[in-house]
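J.: Curious how this folds, go ahead:
(3 chains)
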Amino acid sequence: MKLKKNIAISENGFLFNPETGDSFILNPIGKEILNQLKEGQSVTDIKQLLLERYDVDLVSLEKNMEDFLVILQHHGLLDR
Amino acid sequence: MKKTKYHIAVTGLNNTDNPGPGIPVIRSLRESKDFDVRIIGLAYENLEPGIYMPDMVDKTYQIPYPSSGMDSLLKRIEYIHSRERLDVIIPNFDAELYSFIQSKERLKAIGIKTFLPTIDQFEERQKTNLGKYGQKYGIKVPMSKVIVHRHDIEQLKESFEYPLLVKGKFYDAYLAYSEEQVKSHFDRISAKWGMPVIIQEFIRGTEVNVIALGDGLGNTVGAVPMRKQYITDKGKAWGGVTIANDSMLELTRDLIKKTQWQGGMELELIKTMNNEYFLIEINPRIPAWVYLAVAAGQNLPEALVKLALGLNPPPFLNYKVGKMFIRYSYDLIGDISQFGALSVSGEM
Amino acid sequence: MKKLDYERPIINKVNAGMPDKFGMSTRVPVISHIEGVAITDIMKQFGSPIYVISEPCIRETFQQAQKAFLSRYPRVQFAWSYKTNYLNAVCKIFHSEGAWAEVVSGFEYTKAIENGIPGNQIIFNGPDKSREDLERAIKDGAMIHLDSLDEFYYLGELAHKLDKKANVGLRINLDAGIYPKWDRFGFNLENGEAWNVLNRVMLHEYMVLLGLHTHMGTYITSVNAYAVATRKMADLTNRLFRKYKYELKYLDLGGGFASKNTLKGAYLPGSDTCPSFDDYAEAITSVLLDSELPPERLPLLILESGRALVDDSGFMLGSVLANKRLADGRRATVIDIGVNMLFTSFWYDHEVLPTQLKSEQTENTTIYGPLCMNIDVIREAVQFPLLQRGDAVVIPRIGAYNMTQWMQFIKLRPPVLLIDTDKQIHLIRKKETNEQFNAMENVPEHLKG
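T.: Presented below is the predicted three-dimensional model:
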């Protein structure tokens, strides 16, 4: 699962999709995940990383990640 | 001598094809000979053109819609005040006026001044009350009737002649030539704006407007009459010219005297073939064409700021006739990063 | 190393034009306690969903209302509108504060009597009063407010048979400049019907006219409408005096005061537009004092406010059942509070609030109830924080109408708690049971077995 090319994420969490002209706002953890995806990390790796960094249990994280990826897909930001 | 610099917050930066008065107000204030200004734009939407126009606002903050409640609006303004030390706020949107009028005292308590009509002045000129208003203040108004049922329409022919106007509580007005048309407009308007629907006598004539400023004690600080020259499909003036018209000025002064109107206002009038004037609507704020009045010699926004600050501006005694405005549109160039900054932080 | 606080990842689309909530730091309010009692403790003990009523809140609100009127007008009497909330404990609180009872059925009348209210402090309104109801009301000396000419004749007949005069008030509908006009109740003022019936009552051998009553509508935010109605009622009172030298005992201005809830479709929130008791009182009493009624003939002013007195004291507690992502990408949260127990959600945009917040982030969310019915929507679209399954939610301002218009539909009705002034919790209505329900039913022999 990869982020579409050319997607620009600015420091303040603003995301611009140059292909469609859509703009989005991310919260810090959302920005972190997208940056990891952009660098080509796998979802499994990202989850592992977040589990280590954040105070969260696996089930909640799994649920939230799944939901987040669904919405990224919905907004057309992923290359499947 | 160095001029005092006032920090003035202005809303209505929507300088679109249906413009808010924000930008013209800012332009007027920047031309003040008596004071300097730092302009704080208050925007509801992140594409209000005024935010991006050069040399207009010094800084813009987003504020929450009035629909999210007075408390959250005031909290936001308190935050902005803590950063900007506001002297005066000039609200310019119809939809926000109620909230700002109700917050007058709370704003004053933290040192922010406004110059707005009282809640009674604001409420009694509502469209649905126009008949009573005309009676109370001795102004001709078109005969109107408020209806809530479709079956009321059949009785209209007893008191109205066709064509007549079918109007919504807040917006929209359609001319109807038959009962059938009234019914269809009634359905459309009631679906969109709810009840009641206003039926109004159609007065044939020319639409003329007056911009005016009342000092709250019954005095007219300034007033300029204007005739619209061209009207857009949204019913907004696209061009207009100042006219010499004593009847209109007299009517305005008389109304301000009787109502003790405080703040800016726009009177929408119809002048008939017999030179009678009918009041159609009162907008309880400065209209978007205010800069025409400034060009004609009456800087009403500047005077409004002085009134808000308790300085007594002398009344304007005359204005130049034949001054004209023509609106135009212009594509500003910005960058998506500006949009991003405003969207993320709510400030720019 | 200590781990960082977690919040779920969020991405929100920026719609040009729409201000985004991120930059605005709009905080979702949190209600964690009711009258100092932790909501988590209540739910641990009593489960979910559950209604909670605050006794201190009822008392404070009532006293505020009473003070607003009594500080302006010498003779004021509130009558508790039973249909707004007729749980006995709630009625008893109002009665202990001095309120009479305003009832609209034999069922409510019985409740009022059982709550210790004497007949002469019961106002009997409404279009449906049965023979038994009327006979009892005549005997008790209750204030019977006539709604129709048919009722006038029927009451006259019954009073004649009982050979006892009925205490009568006249329900009047009038044009106070508001919409909709409630012209279905009582007699119309402007077309002369009310005056006509007044004369008949005055001349009736078995009726004593005590007062006039009007009730213009519900959720009326225009205080001016009350001024107009009061003026018309005062004029009628004077007209009656001029003709008969008869002094009315009371004017009943009904209820209809708004609460701070926001009506669906309203642009500004109810908390901004709802007039205060002082505003209503000023409008009503100044008209009475300025009228031609001489001070010694000022009638008792009766008010039947319901919603404005009790809405704020009610809370509904529930919990999150599930979070969903709808097909169009919108977030949906399902809670165990449905429209069957929150009838007012059909006309209010109720606030749905968390009891604690782990993150400031919110998302545009539709809040659904638990019923397997498409109509079960508590909020169409609201900026809402993401709660997890099992997290508690609170819906404030639900004290009016929900505990009377509730439906037994799909599920049984939840219990109701009262928190008293000493923070003690009382179960004032038990959770309904299957046994109770089945006890009402009868299965014919041939279907048994």
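J.: show me the contacts for C:Met202.
T.: For C:Met202, the contact set (CB atoms under 8 Å, 6 or more residues apart in numbering or on different chains) comprises C:Leu209, C:Leu240, C:Tyr244, C:Tyr246. Where you see a C-beta, it was placed from the backbone N, CA and C, and this is true even at glycine.
J.: how about low-confidence regions in chain A?
T.: Applying pLDDT under 70 to chain A flags the ranges A:80.
J.: residue ranges for the strands of chain A, please.
T.: Taking DSSP state E, the strands of chain A run over residues A:2-3, A:8-9, A:14-17, A:22-26, A:78-79.
J.: Out of those, flag the one nearest C:Cys91.
T.: Smallest distance to C:Cys91 across the strands of chain A (CB to CB): 50.9 Å, for strand A:22-26.
J.: Give the burial count for B:Gly334, as a bare number.
T.: By other CB atoms under 10 Å in any protein chain shown, the residues close to B:Gly334 number 12.
J.: follow-up on the earlier one: okay, the strands of chain A in a markdown table with distance to chain B and mean neighbour count next?
T.: Output for the strands of chain A, formatted as a markdown table (distance: least, CB to the nearest CB, whole Å; neighbours: other CB atoms under 10 Å in any protein chain shown):
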| stretch | distance to chain B | mean neighbour count |
| --- | --- | --- |
| strand A:2-3 | 18 | 16 |
| strand A:8-9 | 9 | 15 |
| strand A:14-17 | 3 | 21 |
| strand A:22-26 | 6 | 21 |
| strand A:78-79 | 21 | 14 |
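J.: Would you convert these into CSV that also reports distance to chain C?
T.: Shown next, in CSV, are those (distance: least, CB to the nearest CB, whole Å):
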stretch, distance to chain C
strand A:2-3, 12
strand A:8-9, 10
strand A:14-17, 7
strand A:22-26, 4
strand A:78-79, 11
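J.: For the stretch 301-449 of chain C, give the residue positioned nearest to chain A.
T.: For the stretch 301-449 of chain C, the residue closest to chain A is C:Gly329, as judged by CB to the nearest CB, at 4.2 Å.
J.: What sits closest to that residue if chain neighbours are left out?
T.: Distance criterion CB to CB, 6 or more residues apart in numbering or on different chains; nearest residue to C:Gly329, sequence neighbours excluded, is A:His74 at 4.2 Å.
J.: now C:Asp147
T.: Of all residues not flanking C:Asp147 in the chain, C:Pro127 sits nearest, at 4.7 Å (CB to CB, 6+ apart).
J.: With C:Thr214 instead?
T.: Counting by CB to CB, 6+ apart, C:Thr214 lies nearest to C:Ile172, which is 4.8 Å off, once chain neighbours are set aside.
J.: tell me what the helix or strand containing C:Ile284 is packed against?
T.: Using DSSP states H and E, C:Ile284 maps to helix C:277-290. Other helices and strands packing on helix C:277-290, by 3 or more CB pairs under 8 Å, 6 or more residues apart in numbering or on different chains; DSSP states H and E, are helix C:55-70, helix C:223-244, strand C:300-303.
J.: Assign a three-state SS to the residue lying closest to B:Thr232 once chain neighbours are set aside, would you?
T.: The shortest distance from B:Thr232 to any non-neighbouring residue, by CB to CB, 6+ apart, is to B:Trp238 (5.2 Å). Secondary structure state of B:Trp238, per DSSP: H, G, I helix; E, B strand; the rest coil, is strand.
J.: For B:Trp238, which residues are in contact?
T.: B:Gln229, B:Tyr230, B:Ile231, B:Thr232, B:Ile326, B:Arg327.
J.: that older thread, so which of the contacts of C:Met202 comes closest to A:Gln41?
T.: C:Leu209 (85.1 Å).
J.: Just list the residues touching that closest one, thanks.
T.: Taking CB under 8 Å, 6+ apart, we find C:Leu209 in contact with C:Val168, C:Gly169, C:Leu170, C:Leu198, C:Val201, C:Met202, C:Tyr246, C:Leu248.
J.: can you confirm it is in a helix?
T.: No - secondary structure assignment (three-state DSSP) places C:Leu209 in strand, not in a helix.
J.: Give the bridge partners for it, please.
T.: Residues in a beta bridge with C:Leu209, per DSSP bridges, are C:Val168.
J.: Quick check, pLDDT for it.
T.: C:Leu209 is assigned a pLDDT of 97 by the prediction.
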